[in-house]
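*Asks:* give me coordinates for this.
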Amino acid sequence: MAAAVQPRLQLVVVLIVAIAAVAAAAETTTHIKVYWHDVVSGPNPTAVQVARAAVTNSSSSFFGAVIVIDDPLTEGPDLKKGATPVGRAQGTYISADMDKVALLMNMNFVFQAGRYNGSSVAIMGRNEVFTAVREMAVVGGTGVFRWARGYAQARTHTLDLKTGDATVEYNLYIKH
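*Replies:* I've put the predicted structure just below:
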């Protein structure tokens, strides 16, 4: 009886390895570069503070502030000079460090034009604003990016210290 089980077990192992190889071959890695425009000033802000802690106003890091965003995503960095829109960054960021300006980012990049129209990527992680390159996790997606995983690198392109408006270059590396 034990001798009959051995060939079946070998067959099962071979099938599992074959299925895993096919799944790995079907997976692809996509790189997307977009510009994220966080507009907090003016008559039509795309980032709005919805909550704050008692200590937020006296905190050098804005600790406890909660901001909801619906920020434009574009192919180029200049929103005012007609950069091509590709979607929206929708979600929240929370000032979550008492000592540094570091945000907990929780957002979806919702693609509304181009090759990825109708798909989205979910991004979550720490964003220490004044660090040159920040890395956050891609934790999922929809449409073309269903079952996505990967990472996003953020680099500040421009930051207006008077208004708080910022343009950030995001490079997404997505396995799906």
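*Asks:* just give me the residue right at the centre of the protein.
*Replies:* Ile123 (3.0 Å; Cα atoms, centre = their mean).
*Asks:* OK, contacts around it?
*Replies:* Contacts here follow Cβ atoms under 8 Å, 6 or more residues apart in numbering; on that basis Ile123 touches 105-109, 136-139, 152, 172. Every C-beta, even on glycine, is put in place using the N, C-alpha and C of the backbone.
*Asks:* hmm, 6 Å instead?
*Replies:* Residues near Ile123 by Cβ atoms under 6 Å, 6 or more residues apart in numbering: 107, 136, 138, 152.
*Asks:* now that we have those, which one has the most neighbours?
*Replies:* The most crowded member of those, judged by other Cβ atoms under 10 Å, is Ala152 (25 neighbours).
*Asks:* mind telling me what element that one is part of?
*Replies:* Using DSSP states H and E, Ala152 falls within strand 149-159.
*Asks:* show me what that strand packs onto, helices and strands only.
*Replies:* strand 134-142, strand 166-175 (3 or more Cβ pairs under 6 Å, 6 or more residues apart in numbering; DSSP states H and E).
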